[in-house]
Each structure stands twice: as structure tokens, then as C-alpha cells.
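Enquirer: structure, please.
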Amino acid sequence: MLLLTKQTNKTPLKLILTTEAFSSLTNQFMQILLPWYILSTTGSVLWTGFVGFCALLPNIFSSLFGAPVIDKLGRSKTMLSCEVIQLVLLGMIPVLIAGGRDWPWLIGLIIFLSSFFDAPGQLARTALSPTFSRYADVPLSKTSGIIEAFDGIMSVAGPLLGGAIIAMYGLLAAWIVCVLFCVVIVTLCIIVFTNRRPRQLRPLASYREVWQNLKTDRTLWEPILFTIPTFILGQSWELVLLPTYIYEHGFTSVYLGFLGAAFGLGAFVGALIFAGKSKKFTFFTLLTLNYLGYLISVLVLYFNLPRVLVLAANALCGLPFGAFGAMIISIILLRTPLPFRSKTLGLYATATYTVESICVLGLAALIQFVGLQSTLLTVSAVFGGLIILSIWARRKEDFWTVLSSGNKKVFTK
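Expert: I've put the predicted structure just below:
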């Protein structure tokens, strides 16, 4: 943690937000670069799905093991270590491309190793945000909204920048730019690490205790349960569905970038609105709108509507996504006691990455064997069912309404 004075107590929060912004930019840049690179060099949707699977699978295990590492090493040290390792690994890719050794299985292996350290670094940043928010006297819901807004605006900048660089300068230049982003992230992490206070050691909670706390708090586990289905298209959208849609219809990487940017712009606006007016939202209304947004974004691809309509629909669908993402993280952080926070985030991340990794590989296989149109129709049916479920589950007393009002009541059956 950072040395603080009354004049500089906002500095830690600004640093962690800046780090989060560059991390999000890098991730969004790679969401365009990685699938486009594999599709361009192999022409195979299965290889694209396999490498996407390699990017997600390690996070299932590192999310579980990362939380105990954070508890033992500290949040700042874990964050710095993970970012340095990822810099070294990703830095190998442009070297391999330049040397003609960029075999898809080898790129997949490097992405696999790099991704193993992504989740612990992300968990460490998330776990730091409540402390730094308190130092800055900023409500946690506002901080979560700002972080989600950064993800949204970087979802605009990353795809646009990635698509433009690939189109103008080629894939090798795009990978070099990605590595430069990693250098900036490591530099910011070094600043956070070198200005931290000595750690205040606390009793470490076991996963058994964390799981027991999660099971007994319906205000915590039920929102998470409703959130998990959204990750059916979490990474599959950027890594499989959109690139395949672009590739099969003969569009360019620039249009792929614009599609990602449109959704990111909506998410940015939605998160900003949540940051400013969080108490006006309700959980189930936002959940239903989020499911509906996914359904619409898939249907516009299924009917292959004109580009303007597809872009507009993606921007509109991003609105509930940005607000809902900020809400669920706020629920977890506000509801979870401090000793359980890292491991609770680890369990949540493990669940999301499990769904995402299975769906990336599953949707790639589905596209390969039954085609893109049938796959889009199947996904539409799933989210149509989820919309009905969310409407049916609506209750008079809403999770977020109770929590944001300061009421610590636990829902019971």
C-alpha cells in the first residue's frame, strides 16, 4: 500500500485505476489481435477456438491458487510479479513471428502460460480497490463503476486501434504494440509496489470458511448464480463468434474493430451512469436487460443486418452490460468480509473462466460442424430462455436495492 497524506490520499486510487485502464486496453487489443492472427495464418475456426481455449483454461486454476498467493505475498507484490511474467511471455511472440517459428501450437502454449498469471494479477488489482477507495473517500460502487467504465472505453479504443494497426502495419507490428502496452503496465505496478506500506498480516481464511460464508449468504451467492450465464458469450463473443462472422462474410479487421468498439462504447456509458446513480438501479431489471442485450447482439448477426444497424445494436446492448458488470463486483466487495475477499473473488473468477473456456471451445466446434447460422440460432434460444427466467425470478425486495441502501439484511428462503 502507498504512503499517504491528506494531500495525496487520492494518489493510490488514481494509480490503480490507471493500471486497470492500460490492462483493459491490452486485453481488448488482444481480443482483436489473437483470433485474427490465428484465422489469418491457419484459416481454421477450430485452431482459433483452441487458442482461445488456451487463453482461458489456465485462469480456472490460477484463480483458485492465485487467491492464497495474494494472501501470502500481498496484493501489490502479486500484481507486479504476474505482470512481469506476462510481459516476458508475450514478448516472445513477435520474436517467434520474426524468426518464422510462429507455429499455432507454440503460440497457443505461450498464451496458455501467460494466461495462468492473468487472473491472479486481476484479482490483486480488484482486491486493492476497496482499500484505495477508502483512502480517497470515494464510494466503492463509484470506484467499481469507474473501473467498468475504463473497461468500456478501452473496449472502444482497443478494437479500433487493433484493427487499424493490423490493417496498416501488419500482425507483427500489432504484437509489438501489445508488448509495449505490457511495459507500461509493469512500470505502473512498480510505482505501486515501491511506495507500499509494510503489510499488516491478518489471519488467513481457508476456502472452507469462504465457501461456508458464500453458501449462507443468499444476497451474495444468488446474484453470482444469475450472473454466470452471461459468460456463455463472455470471451466467445470476441474470440470466436465475431471473428468468424467477419471472416465468413469477407469483412475486414477494421470492421471487426468497430464492432468491438461499438459494444465497448455502450458499456462505457452504462458504467458511467452506474457510477453516478448506482442507487437508482435494481438487480433484476438490469439482469433482464443484460440478457436481452446479448440476445439482440446475436440476432443482428444471424440476420446479417446492414452494418449501421449492427453497430447501433452493439452499442445499445453494451449499456446494460457496463452497468451490470459494475453492480456485481460491488455486490461481491460490499457483501464479503475483508479476510474472505480474495478467495471469494477467486471462486467467482474460477466459475466464470470455467464457463468461458468451455463455451469458447464448444462454440468453435459447433460452428465447425453445423455452421455459424445454426450456432447463432442456438445461442439466441439460450438467452431467450434466460430472459424468461430472470423475469420469473423477480422479487419485490431486490438484492441491490437492499445492499445499496445500507441494509445488511440477508435474504432467507
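Enquirer: can you give me the distance of residue 22 to residue 55?
Expert: Noted for residue 22: a distance of 19 Å to residue 55, by Cβ to Cβ, to the nearest Å. All C-beta atoms are positioned from the backbone trio N, CA, C, and that covers glycine.
Enquirer: between these two, which has more neighbouring residues?
Expert: Relative neighbour count places residue 55 above the other of residue 22 and residue 55, with 25 against 21, counting by other Cβ atoms under 10 Å.
Enquirer: these two touch, right, that one and residue 34?
Expert: Yes - here residue 55 reaches residue 34: they are 6.9 Å apart, a contact under Cβ atoms under 8 Å.
Enquirer: now for those two: what residues contact both?
Expert: When contacts are counted by Cβ atoms under 8 Å, 6 or more residues apart in numbering, residue 55 and residue 34 have 111, 239 as shared neighbours.
Enquirer: does the closest residue to residue 186 other than its chain neighbours sit in a helix, a strand or a coil?
Expert: With sequence-adjacent residues excluded and distances taken as Cβ to Cβ, 6 or more residues apart in numbering, residue 186 is closest to residue 83, at 5.0 Å. Three-state assignment for residue 83 (DSSP: H, G, I helix; E, B strand; the rest coil): helix.
Enquirer: skipping adjacent residues, who's closest to residue 227 in space?
Expert: Spatial nearest neighbour of residue 227, excluding adjacent residues (Cβ to Cβ, 6+ apart): residue 328 at 5.1 Å.
Enquirer: buried residues in whichever helix or strand the one you found is part of?
Expert: Assigned by DSSP states H and E, residue 328 belongs to helix 307-335. By neighbour count on 16 or more other Cβ atoms under 10 Å, the buried set for helix 307-335 is 310-311, 313-335.
Enquirer: then stretch 377-392?
Expert: Buried residues in stretch 377-392, defined by neighbour count with 16+ other Cβ under 10 Å: 379, 380, 383, 386, 387, 390.
Enquirer: what do you get for stretch 101-116?
Expert: Within stretch 101-116, the residues that qualify as buried by neighbour count (16+ other Cβ under 10 Å) are 102, 104, 107, 108, 110, 111, 112, 113, 114, 115, 116.
Enquirer: give me the number of residues near residue 397?
Expert: Burial measure for residue 397: 9 neighbouring residues, criterion other Cβ under 10 Å.
Enquirer: now do the same for it: helix, strand or coil?
Expert: At residue 397 the chain is in coil, as set by three-state DSSP.
Enquirer: okay, now the unreliable bits of the stretch 201-350 of the chain?
Expert: For the stretch 201-350 of the chain, applying pLDDT under 70 flags the ranges 201-203.
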